[in-house]
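Undergrad: Using only what follows, build the 3D model:
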Amino acid sequence: MPNPERIALFIDGANLYASAKSLGFDIDYKRLLKEFQSKGRLIRAFYYTALVDDAEYSSIRPLVDWLDYNGYSVVTKPTKEFVDSTGRRKVKGNMDIELAVTAMEMASYIDSMVLFSGDGDFRSLVEAVQRKGVRVSVVSTVSTQPAMVADELRRQSDEFIDLVTLMPRIGRDPSERAARLSRAHAFGAHATAAGSPNEEPVRE
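TA: Numbers count the residues shown, from 1 in each chain. Below is the predicted model:
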């Protein structure tokens, strides 16, 4: 019996959130993990996101904590605040370098990399990982207007998986979301489902 394929997931949190939101569904991260565990030997599932450091409460914090305790390797860093040329306050939180460094370190230990991002900046990373003999799948969507995935990244990947095709298997049950929201309303507090929290990540 052949050895199962060694798989690692690399999730660009803000990018995946934006793609799922554009398609009108919520990710169930427990189901997402199970989906890829069924495809081989899942070595690691990395989740990358920036956190607002000085906020008393970050809406993404419950998700990050849940992922950390439920099989994901969470990589975070504080956001940076700056003022742009028009004098507007902006918040920047880019995790591309962290993801790229880990992917290159992991390349010798995996057969397949699944990148959840449509960011064209990752094209050269995908090419570099492929040169090490790793097969790369990119998960994003072309089912929105405009598409959420850069054409150069899609072309570079060995396989493109449209998030739409995964929706039935990794999406949260809408009735569960409705029940959770009604409970939150009843208690007058922000509630997060233990099985699959919500995410409101910082965009760059």
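
Undergrad: Would you map the strands across this structure?
TA: 6-12, 41-51, 73-78, 80-83, 89-92, 112-116, 135-140, 159-162 (DSSP state E).

Undergrad: Any idea how far the last one is from the middle of the chain?
TA: It stands for strand 159-162. 15 Å (Cα atoms, centre = their mean, to the nearest Å).

Undergrad: Go ahead and name everything in contact with it.
TA: 114, 135-143, 149, 154 (Cβ atoms under 8 Å, 6 or more residues apart in numbering). Heads up, the C-betas are built off the backbone N, CA and C, glycines and all.

Undergrad: was I right about Ala8 contacting Arg41?
TA: No - at 10.0 Å, Ala8 and Arg41 do not qualify as touching, with contact defined as Cβ atoms under 8 Å.

Undergrad: the more surrounded of these two?
TA: Of the pair Ala8 and Arg41, Ala8 is the one with more neighbours under other Cβ atoms under 10 Å, namely 23 against 13.

Undergrad: Look up which residues are beta-bridged to the more buried one.
TA: Counting by DSSP bridges, Ala8 forms beta bridges with Arg44, Met113.

Undergrad: Next, the contact list for it, please.
TA: If a contact means Cβ under 8 Å, 6+ apart, then Ala8 has 42-46, 103, 106, 109-110, 112-114 as its contacts.

Undergrad: Switch those over to a markdown table; also include distance to Arg172.
TA: Shown next, in a markdown table, are those (distance: Cβ to Cβ, whole Å):
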| residue | distance to Arg172 |
| --- | --- |
| Leu42 | 20 |
| Ile43 | 25 |
| Arg44 | 23 |
| Ala45 | 17 |
| Phe46 | 21 |
| Ala103 | 27 |
| Met106 | 28 |
| Tyr109 | 31 |
| Ile110 | 28 |
| Ser112 | 26 |
| Met113 | 25 |
| Val114 | 20 |
